[in-house]
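Enquirer: what would the 3D arrangement of this be:
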Amino acid sequence: MDIQEAVRKRKSVRDYLNTSLSGELKEQVQQIINEKVPVPFGNKPRFSLIENQSLKSGEAVKIGTYGYIKGAKYFIAGAVERKPMADFDYGYALETIILKLTTLGLGTCWLGGTLRRKDFAGPLGLAPDEYIPAITPVGIPAANERFFVKIQKLRVNPHKRKEFETLFFYNQPGILLEKEKTGRYEQALEMLRLSPSADNFQPWRAVFDSKGIFHFYLKRSKIMRTVIKTADLQLIDLGIALSHFDLTLKENGIAGTWEQTSGEAPLASGLEYVVSWKPVF
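Expert: All right, here's what the predicted structure looks like:
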């Protein structure tokens with residue numbers, strides 16, 4: 001999989017052709033879901049392909065998406081145990097799956113807030129110690145979008161991303177990390193910058209220190225945590241973004257390890273330290 005091509009090609013699809021996947025394509029999707037994604041903190045999210053048998057032609061999906069999705073006959077839903085960094089690992093794993101689905105020409109759309117999780121608990125066989133952080137529909141994108149979807153896109157402006165200098169810093173927040181100083185990490189940081197996030201808030205920030213270590217933070221939106229309490233959507237967002245970062249590094253032959261070393265990371269008002277990435281030579 002060409003990570004950078006998949007990152008640039010991926011977009012949120014809310015309108016799908018009301019058609020079943022071919023047997024071969026469905027098998028490919030199932031193989032991707034079944035592959036175990038190595039995640040930074042060792043949590044074990046599991047995923048299932050769920051077919052919406054009740055969907056009728058032309059009707060908006062009723063199963064737990066509040067009408068945001070139309071025409072989708074399949075969903076990928078997952079579950080994970082409530083453990084430290086579970087939301088992060090879940091975001092990392094599902095985005096890895098989504099990027100692979102993108103290379104097959106399939107559409108997807110992260111759903112975390114506009115989701116009735118109880119509707120997916122039965123098909124998933126949800127255990128008492130598990131929860132559903134987010135799901136995605138999967139299918140063939142429709143040629144035309146609904147007016148409702150176009151209005152939503154105008155509100156969120158999903159293709160716009162914050163500029164490099166507002167996200168990445170050198171040694172401490174506020175000191176610009178100049179692109180020419182990023183060297184072999186420039187592509188990975190750009191793929192991180194292009195990551196999707198809830199309401200396109202882009203809550204991630206990174207500090208690159210003089211030892212060559214990246215420290216990652218969240219600039220949180222209080223509204224997100226107040227409205228959605230079932231899962232930490234912004235920690236999921238960071239998992240998505242750092243999957244782009246990590247997968248691009250690996251594709252470029254750059255090895256590293258994930259660590260939580262908050263004592264070494266510079267402190268900044270308004271930023272919440274989450275994790276660091278250290279190169280391995």
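
Enquirer: from here on, contacts and neighbour counts on C-alpha atoms
Expert: Fine.

Enquirer: and the strands in the stretch 1-150 of the chain, which stretches?
Expert: Along the stretch 1-150 of the chain, the segments classed as strands by DSSP state E, counting those that start in this stretch run 46-51, 74-81, 107-108, 130-131, 135-139.

Enquirer: will you turn those strands into TSV that also has distance to residue 8 and mean neighbour count?
Expert: Rendered in TSV, the data for those read as follows (distance: least, C-alpha to C-alpha, whole Å; neighbours: other C-alpha atoms under 10 Å):
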stretch	distance to residue 8	mean neighbour count
strand 46-51	24	19
strand 74-81	21	22
strand 107-108	13	26
strand 130-131	30	18
strand 135-139	18	26
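
Enquirer: out of those, nearest to residue 7?
Expert: strand 107-108 (12.5 Å; C-alpha to C-alpha).

Enquirer: what's in contact with that closest one?
Expert: The contact list for strand 107-108 (C-alpha atoms under 8 Å, 6 or more residues apart in numbering) reads 10-14, 16, 98, 101-102, 136-141.

Enquirer: let's see that with 10 Å instead.
Expert: 10-16, 72, 75-76, 98-99, 101-102, 135-142 (C-alpha atoms under 10 Å, 6 or more residues apart in numbering).

Enquirer: avg pLDDT for stretch 177-190?
Expert: Stretch 177-190 comes out with an average pLDDT of 93.

Enquirer: now do it: everything it contacts.
Expert: In contact with stretch 177-190 (C-alpha under 10 Å, 6+ apart) are residues 3-4, 163-171, 192-193, 206-209, 212, 241-252, 254.

Enquirer: alpha carbons only: can I get that stretch in PDB?
Expert: Only the C-alpha atoms of stretch 177-190 are listed here, as PDB (Å, rounded to 0.1, in the frame of the first residue of the first chain):
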ATOM      1  CA  LEU A 177       9.600  24.100  13.300                       C
ATOM      2  CA  GLU A 178      10.900  25.200  10.000                       C
ATOM      3  CA  LYS A 179      10.300  22.600   7.200                       C
ATOM      4  CA  GLU A 180      13.900  22.600   6.200                       C
ATOM      5  CA  LYS A 181      14.800  21.300   9.700                       C
ATOM      6  CA  THR A 182      12.400  18.300   9.500                       C
ATOM      7  CA  GLY A 183      14.700  16.400   7.000                       C
ATOM      8  CA  ARG A 184      13.600  12.800   6.600                       C
ATOM      9  CA  TYR A 185      10.400  13.500   8.700                       C
ATOM     10  CA  GLU A 186       8.800  16.000   6.400                       C
ATOM     11  CA  GLN A 187       6.600  13.600   4.500                       C
ATOM     12  CA  ALA A 188       5.400  11.900   7.700                       C
ATOM     13  CA  LEU A 189       4.500  15.300   9.200                       C
ATOM     14  CA  GLU A 190       2.600  16.300   6.100                       C
END
